[in-house]
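Sequence and predicted structure are below.
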Amino acid sequence: MTRVPKTITISPFSSFAAHPNSSLSSTTSAESVYFHFNAMCCWNPPLRVSYIADEILKPACECGVASCNCNKNHWLVILQTNGLEFATEQELFNHYIKTLAIVLGSEEEARKKIYLVSCGWRFGFGTEIDKVTKFKLEGCSGVAAILEDYHYHTRNPNSG
């Protein structure tokens, strides 16, 4: 059985195509995966939108959880989507490793520091690095933003 190659295309419109308020479907051909979407008309009152944003961006330690144990060395690195193409998820992961290796010095060290990989509508990864390394990474080309991972301990309850 021949495996059909799949192309992951990252474009400036990727975030819109995979927006939660869109109907997203994919069609596979011999060369790539095509995504089709039908944008839905959806309006939320401004107060509701700001409330949702506040809840999503609220640090876990401000939620009143006594055993939060926030670690300030876990970061979510969001990458720019300038028309990059990857044939497999492994190539996308290798791109994340190479991006982090720029500031860490080796791909092996970068591979050890990545704990979360995103192939969704926000392309990026989670990494455990100190603040000095974080500031160096912010200056690298292709990095759109670096956010503190407030919910690391929620996803990893055995992390201590």
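On my side now, so go ahead.

which secondary structure element contains Trp121?
Using DSSP states H and E, Trp121 sits within no helix or strand.

List phi and psi for it.
Main-chain dihedrals, Trp121, degrees, to the nearest 10: phi -80, psi -10.

What is the helix ranked longest in the chain packed up against?
In terms of residue count, the longest helix belonging to the chain (DSSP state H) is helix 89-104. Here helix 89-104 touches strand 74-79, helix 107-113, strand 114-118, strand 124-128, helix 131-138, going by 3 or more CB pairs under 8 Å, 6 or more residues apart in numbering; DSSP states H and E. For every residue, glycine as well, the C-beta is placed using N, CA and C.

Show the contacting residues for the nearest residue to Thr127 once chain neighbours are set aside.
Nearest residue to Thr127, sequence neighbours excluded (CB to CB, 6 or more residues apart in numbering): Lys113, at 4.9 Å. Going by CB atoms under 8 Å, 6 or more residues apart in numbering, Lys113 touches Leu100, Leu104, Thr127, Glu128, Ile129.

Ile78: which of those is nearest?
Nearest to Ile78, judged by CB to CB, of these is Thr127 at 11.7 Å.

hang on, the closest one packs against Ile114?
Yes. Counting by CB atoms under 8 Å, Ile114 is a contact partner of Thr127 at 5.3 Å.

Tell me which of those two has more neighbours.
Thr127 (26 against 18; other CB atoms under 10 Å).

Could you list the low-confidence segments of the chain?
Scanning the chain for pLDDT under 70 picks out 1-71, 156-157, 159-160.
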